[in-house]
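**Student:** Would you be able to build a 3D model of this:
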Amino acid sequence: MATDMSRDLQDSVRSSLTEQKDGAASSLGSFAGALRKAAKESDGEGQGVGRMADWAADGLERVSSTLRSKDLNGMVREVESFARSQPVAFFFAAAAAGFLATRFLKAGSPQEKESEPPSGAGVQPSDVSSDIPF
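**Tutor:** Here you go, the predicted model:
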């Protein structure tokens with residue numbers, strides 16, 4: 001019974017990850033297309049910017065294509081292989097990905113409003129008593 005529940009959970013997680021992988025591939029492809037369009041529109045403004053945007057769009061399209069064509073198990077095997085052959089590079093790539101994910105999540109979350117105004121805010125000269133001897 002526990003093995004059936006474990007198997008069902010694994011299938012559910014695998015299905016969810018596959019959906020997220022496909023969604024990410026689609027989003028990256030769309031972003032690459034938008035970046036390429038922006039590069040074409042800015043052709044007259046600067047050659048370097050246009051080339052850089054085309055280069056980034058090419059890279060995003062390759063990643064999107066890879067995500068679409070590979071199954072989840074194949075991607076995991078490739079990551080494991082890379083981690084074994086290049087552990088230092090893998091460590092830094094994982095740290096960078098974690099940093100970027102944290103920044104992305106923080107940027108997307110609503111900022112909490114502080115209950116206290118910043119220091120000095122709301123204090124008017126009339127609020128200070130002139131009866132205080134110096």
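
**Student:** max-length helix in the chain?
**Tutor:** helix 2-41 (DSSP state H).

**Student:** For the very next helix or strand once past that helix, name the packing helices and strands.
**Tutor:** Sequence order places helix 47-69 as the next helix or strand after helix 2-41, per DSSP states H and E. If contacts are counted by 3 or more CB pairs under 8 Å, 6 or more residues apart in numbering; DSSP states H and E, helix 47-69 sits against helix 2-41. (C-beta placed from N, C-alpha, C; glycine too.)

**Student:** contacting residues around stretch 78-90?
**Tutor:** residue 70 (CB atoms under 8 Å, 6 or more residues apart in numbering).

**Student:** Please give the centre-to-centre distance between the host helix or strand of residue 91 and its chain.
**Tutor:** For residue 91, the element it lies in under DSSP H and E is helix 87-108. In terms of CA atoms, centre = their mean, to the nearest Å, the centre of helix 87-108 is set 9 Å apart from its chain centre.

**Student:** One more: stretch 82-93?
**Tutor:** With CA atoms, centre = their mean, you get 20 Å for stretch 82-93.

**Student:** now do stretch 64-71
**Tutor:** Distance, centroid of stretch 64-71 to centroid of chain: 18 Å (CA atoms, centre = their mean).

**Student:** Check which residues of it are buried.
**Tutor:** For stretch 64-71, burial by neighbour count (16 or more other CB atoms under 10 Å) applies to 64, 67.

**Student:** mind saving the C-alpha coords of it as PDB?
**Tutor:** Presented in PDB, the C-alpha positions along stretch 64-71 are these (Å, rounded to 0.1, in the frame of the first residue of the first chain):
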ATOM      1  CA  SER A  64      13.600  25.900 -25.600                       C
ATOM      2  CA  SER A  65      14.200  23.300 -28.200                       C
ATOM      3  CA  THR A  66      16.200  21.200 -25.900                       C
ATOM      4  CA  LEU A  67      13.500  21.400 -23.200                       C
ATOM      5  CA  ARG A  68      10.900  20.400 -25.800                       C
ATOM      6  CA  SER A  69      12.800  17.400 -27.200                       C
ATOM      7  CA  LYS A  70      14.200  15.800 -24.100                       C
ATOM      8  CA  ASP A  71      12.300  13.800 -21.600                       C
END
